[in-house]
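**Student:** This is the structure alone, sequence omitted:
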């Protein structure tokens, strides 16, 4: 048995077998494969598996950004901003206060807790959107944009409160801005000059090169590789809208090879004995995270023309957590801010928030793609009606004067 587990091919076969089982179960149960992969999980890993899992988090985050149509983002900027900002601020403040003043954690420990539990999982939400056919709908794109804004808030908070600002950080920001400016034309150039259907896939290799290079710069600067991955996805989204073949190829590579390792490895972070000893704290923190998301997101989802079912669906998806939650918790552990028990508590809550809200959203509140698209048309009509009413009121006031 030891010989089998030390053989790289057998280990790869076991992991891919688990991924295959997760795919079959997810199809049978009609739930996201990401959830099943997390639940299947494994408790033994290697350096090369860690590497593939790291690539999985970066590539799926890039694809989530690339799915956001710039035209749709601009049209739905206000709901994305409002829902995204409140989805970050309320959990961050409430969990911070609870951890510091009720649990008795130190200031920095409580801040890490607030950051870790304020996140929304772009990876989980994107996987759900792809599997349900919602990624191309107006409401689906708005939710993905709101996820980015929430997670940008968590990265910003982690950077402002804990990051060391040095020359590497300055270099990273400068190179990132430069590359984001030129990425659309570079990508277009490679596709137009070399063709989008070459067997050697130069455009896919170019995009992976950029993601890996910026990931290296960001980690050297003590930032996180998933942030530039999402931003690169956003700026090339227009190219992807015109070349659906490219996004389908990258999606196939990601979901078949990279993301199974990422989601399966997520199960590694949960220690059952530590969970049992802190079950009360974990349960309360989970309810506090989900409750604060509901307070911040649900009322404004209703304000922005969503019916009750879509509002619950949006709120529950905004209540998920995985990538940035585990990153923030691991940062606290590696920098000796959190102890092992605190780390286990936070990561367990993060894993629970990846599974339970998504399961509830899909089982009880999942709208059809037609309904998700109809929200965009309804928003346009109501915005047009409000504009017409404002112009009419302005004209009436002008006549009175």
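**Tutor:** Cool, the structure landed. As the structure is a computational prediction, the values presented were derived from the model and not from experiment.

**Student:** My understanding was that residue 93 contacts residue 114; is that so?
**Tutor:** Yes - assessed by CB atoms under 8 Å, residue 93 is found in contact with residue 114 at 6.9 Å. Bear in mind the C-beta positions are built from the backbone N, C-alpha and C, glycine included.

**Student:** Mind checking which of those two has more residues around it?
**Tutor:** residue 114 (26 against 13; other CB atoms under 10 Å).

**Student:** I'd like the distance between the more buried one and residue 325.
**Tutor:** Separation of residue 114 from residue 325 (CB to CB, to the nearest Å): 11 Å.

**Student:** cool, residue 175 as well?
**Tutor:** Per CB to CB, residue 175 is found 27 Å from residue 325.

**Student:** neighbour count winner among those two?
**Tutor:** Ranked by neighbour count (other CB under 10 Å), residue 175 and residue 325 place residue 325 first, with 28 against 16.

**Student:** got the contact list for the more buried one?
**Tutor:** By CB atoms under 8 Å, 6 or more residues apart in numbering, residue 325 lies in contact with 116, 117, 119, 121, 346, 347, 349, 350, 353.

**Student:** nearest to residue 16, of these?
**Tutor:** Proximity to residue 16 was ranked across the contacts of residue 325 by CB to CB; first place goes to residue 121, at 23.1 Å.

**Student:** which parts of the helix or strand where residue 26 lies are buried?
**Tutor:** Per DSSP states H and E: residue 26 is located in helix 8-29. Neighbour counts over helix 8-29 (16 or more other CB atoms under 10 Å) mark 11, 15, 18, 19, 22, 23, 25, 26 as buried.

**Student:** The residues you listed into CSV, with extra columns for pLDDT and distance to residue 284?
**Tutor:** Shown next, in CSV, are these (pLDDT from 0 to 100; distance: CB to CB, whole Å):
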residue, pLDDT, distance to residue 284
11, 77, 38
15, 77, 34
18, 81, 32
19, 80, 34
22, 81, 30
23, 82, 34
25, 82, 31
26, 76, 30
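
**Student:** I'd like the residues you listed laid out as JSON lines, including distance to residue 75.
**Tutor:** Converted to JSON lines, the buried residues of helix 8-29 look like this (distance: CB to CB, whole Å):
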{"residue": "11", "distance to residue 75": "47"}
{"residue": "15", "distance to residue 75": "41"}
{"residue": "18", "distance to residue 75": "41"}
{"residue": "19", "distance to residue 75": "37"}
{"residue": "22", "distance to residue 75": "36"}
{"residue": "23", "distance to residue 75": "35"}
{"residue": "25", "distance to residue 75": "38"}
{"residue": "26", "distance to residue 75": "32"}
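
**Student:** which residues does the most centrally placed residue in the chain contact?
**Tutor:** Centroid check for the chain by CA atoms, centre = their mean gives residue 122 as the closest residue, at 1.3 Å. The contact partners of residue 122, taken as CB under 8 Å, 6+ apart, are 60, 61, 64, 144, 147, 148, 151, 226, 230, 323.

**Student:** The third one and residue 126 touch, don't they?
**Tutor:** Yes - counting by CB under 8 Å, residue 64 does reach residue 126; the two are 3.8 Å apart.

**Student:** between these two, what contacts are shared?
**Tutor:** Joint contacts of residue 64 and residue 126 (CB under 8 Å, 6+ apart) are residue 144.

**Student:** Where does the prediction get shaky in the stretch 151-300 of the chain?
**Tutor:** Confidence mapping of the stretch 151-300 of the chain against pLDDT under 70 gives the ranges 163-164, 195-200, 266-271.

**Student:** And the helices in it, which stretches?
**Tutor:** 167-194, 202-220, 226-235, 237-242, 244-253, 259-266, 272-277, 279-303 (DSSP state H, counting those that start in this stretch).
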